[in-house]
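Visitor: make a model of this:
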Amino acid sequence: MPEPTDVLIVGAGLAGLRASQLIREAGLSVRLIESADAVGGRVRSHTIDGFIVDEGFQLINPSYPELVASGVTPALDLRPFAPVIRFCDHDTFYNVADPRYAPLVGLRSLRHPQLSLRDGLAFARLLLRARFSSIARLTRGADFSTMDGLLSEGLSEDMINGVLQPFLRGTLLDEQLETSWHYTQILLKSFVSGRPGTPATGVSALPDALLAASLGVQVHYQERATAVTATTVTTSEATYHARAVLVATDQSRAAALLDTPDVGWRTQTAYWFAAPTLEGTNQFRIDAVRGLWNMCDITAVAPERAPAGRSLIVASGVGDIDDPRVGSDVARLYGLRDAEVSLIERQVIHHALPRLRRPLDLDRPAHHNGVFVAGDYLQTPSIQGAMASGRRAATAICQMLS
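Guide: Have a look, this model is predicted:
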């Protein structure tokens, strides 16, 4: 029989790893049970023919409070993108920029045909309020859909549908903008507080860094938990005993282990393409013609993620999309010939983001029938949400065991 430990954690995603880091810092012993062959959960990277691709299109925002608190940011070698979104038509493009970083480009944003001066001022007021308001203030009062929230700010439907929805859908994976307005305001706060980027070695750098910060933790890979109680975890290999058990798996696996409702997932499709080396492409690009794809040249800021002389471009869309024309869309948005764009991999991430309930509740219990729980589905569907949930669970466990 394996030796008992203080805490057993099922799931070595960001929530489980952040909890493990804090529990170890409190001087307690931790055993991590992970069904995959590496840590990270949905935050993973892999290499194909010298290209480092992530599991879906994922960026990391260095302003996330829990990421800052973890102390692992320096280990990520995070490369920020320009705070510019380029909307590409057939023969023209319009840049929409954060004027704090690019004042002249920010002023020229008003050239976008669906962005009026009135809309620009209203959106600036919204961003300023989000930037300088606390989370408690942003989540105060009634919660409703993001679409209704944007309209309540005085933004026109043209601006919402032509500028904001194409951008937000890539983050929320929500075409109709039905997501919690409280959460979207938190998201906007993070956007205006930091510049999202990608690690030089892919997003797996984050879980790897969190594991390295959990000194002395025992990790059991490729063991799938089949049953849990308040003090035991049974896997395909053994039954483990502990003073406390934390289930930090994704939503569906937690629902199966704890017999709780599974509220469902949002799906993302990501196409990864190789292209010749590009220049001046460190901004996000949105296809204004067909309206399906948000694109990014990863190697514009992290050339290490492709072989010499090559670029790595990702095109992401909402839902399960099988589209033979996406390569031509990439070529058009980057000024290339179709023959210069070659597919590396198509990914359909069915469990990309958990569906977020409304109203947003950031104080949901961190335990169920004596078993502690953590995951982004208990906070917000984001890196910040996963890590914050791990912290809440770790705090509760350390208080119980002290």
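
Visitor: domains of this structure?
Guide: Listed domain ranges for the chain are 5-43+204-263+357-401, 45-80+197-202+265-354, 114-193 (source: automatic domain parsing).

Visitor: of those, flag the one that's most buried.
Guide: domain 5-43+204-263+357-401 (a mean of 21; mean count of other C-beta atoms under 10 Å). Using the backbone N, CA and C atoms, a C-beta is placed for each residue, glycine as well.

Visitor: and the end-to-end length of that domain?
Guide: Taking C-alpha to C-alpha, to the nearest Å, domain 5-43+204-263+357-401 runs 12 Å from one end to the other.

Visitor: check stretch 284-295 too.
Guide: Stretch 284-295 has an end-to-end distance of 6 Å (criterion: C-alpha to C-alpha).

Visitor: identify the residues contacting it?
Guide: Stretch 284-295 is contacted from outside by 57, 81, 84-90, 162, 166-167, 169-170, 296, 313-317, 321, 323, 325-326, 329-330, 332-334, using C-beta atoms under 8 Å, 6 or more residues apart in numbering.

Visitor: which members of the residues you listed are positioned in strands?
Guide: Members of these lying in strands (criterion: DSSP state E): 84-88, 296, 313-317.

Visitor: tabulate these (CSV), appending distance to Leu115 and pLDDT.
Guide: Formatted as CSV, the ones in strands among the contacts of stretch 284-295 follow (distance: C-beta to C-beta, whole Å; pLDDT from 0 to 100):
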residue, distance to Leu115, pLDDT
Val84, 14, 88
Ile85, 11, 89
Arg86, 13, 90
Phe87, 10, 89
Cys88, 15, 88
Cys296, 21, 97
Ile313, 26, 98
Val314, 26, 98
Ala315, 24, 98
Ser316, 23, 97
Gly317, 23, 97
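
Visitor: quick one: the helices in this structure?
Guide: 14-25, 65-70, 103-108, 117-132, 135-138, 146-152, 157-159, 165-172, 181-193, 205-212, 251-258, 326-333, 383-401 (DSSP state H).

Visitor: where among those helices is average confidence lowest?
Guide: Comparing mean pLDDT over the helices of the chain, the weakest stretch is helix 103-108, at a mean of 54.

Visitor: my guess is Gln283 contacts Ala82. True?
Guide: Yes: counting by C-beta atoms under 8 Å, Gln283 does reach Ala82; the two are 4.6 Å apart.

Visitor: follow-up on the earlier one: let's have the helices of the chain in JSON lines, adding distance to Val228.
Guide: Below are the helices of the chain laid out as JSON lines (distance: least, C-beta to C-beta, whole Å):
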{"stretch": "helix 14-25", "distance to Val228": "13"}
{"stretch": "helix 65-70", "distance to Val228": "25"}
{"stretch": "helix 103-108", "distance to Val228": "51"}
{"stretch": "helix 117-132", "distance to Val228": "39"}
{"stretch": "helix 135-138", "distance to Val228": "31"}
{"stretch": "helix 146-152", "distance to Val228": "35"}
{"stretch": "helix 157-159", "distance to Val228": "48"}
{"stretch": "helix 165-172", "distance to Val228": "31"}
{"stretch": "helix 181-193", "distance to Val228": "29"}
{"stretch": "helix 205-212", "distance to Val228": "22"}
{"stretch": "helix 251-258", "distance to Val228": "5"}
{"stretch": "helix 326-333", "distance to Val228": "42"}
{"stretch": "helix 383-401", "distance to Val228": "14"}
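
Visitor: which of the ones you listed sits closest to Ala242?
Guide: Of all these, helix 383-401 sits nearest to Ala242, with 9.9 Å by C-beta to C-beta.

Visitor: and the contacts of the closest one?
Guide: Here helix 383-401 has contacts from 6-7, 13-23, 26, 28, 43, 60-61, 64-67, 69-70, 190, 206, 243-244, 246, 248, 366-367, 372-376, 378-380, using C-beta under 8 Å, 6+ apart.

Visitor: how far out from the middle of the chain is it?
Guide: Offset of helix 383-401 from its chain centre (C-alpha atoms, centre = their mean, to the nearest Å): 19 Å.

Visitor: what angle do that helix and helix 14-25 make?
Guide: 40 degrees (axes from the mean of the first three to the mean of the last three C-alpha atoms, to 10 degrees).

Visitor: what angle do helix 181-193 and helix 383-401 make with each other?
Guide: 110 degrees.

Visitor: now do the strands in the stretch 201-350 of the chain.
Guide: 218-220, 225-228, 232-235, 239-247, 265-276, 284-287, 294-297, 310-318, 342-354 (DSSP state E, counting those that start in this stretch).

Visitor: need those strands in CSV with distance to Arg392, can you?
Guide: Shown next, in CSV, are the strands of the stretch 201-350 of the chain (distance: least, C-beta to C-beta, whole Å):
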stretch, distance to Arg392
strand 218-220, 22
strand 225-228, 19
strand 232-235, 20
strand 239-247, 11
strand 265-276, 22
strand 284-287, 32
strand 294-297, 31
strand 310-318, 29
strand 342-354, 16
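
Visitor: Pro2: which of these is closest?
Guide: Among the strands of the stretch 201-350 of the chain, strand 239-247 sits nearest to Pro2 (C-beta to C-beta), with 5.3 Å.

Visitor: report all helices and strands that that closest one contacts.
Guide: The contact analysis (3 or more C-beta pairs under 8 Å, 6 or more residues apart in numbering; DSSP states H and E) places strand 239-247 against strand 5-10, strand 30-33, strand 225-228, strand 232-235, helix 251-258, strand 371-373, helix 383-401.
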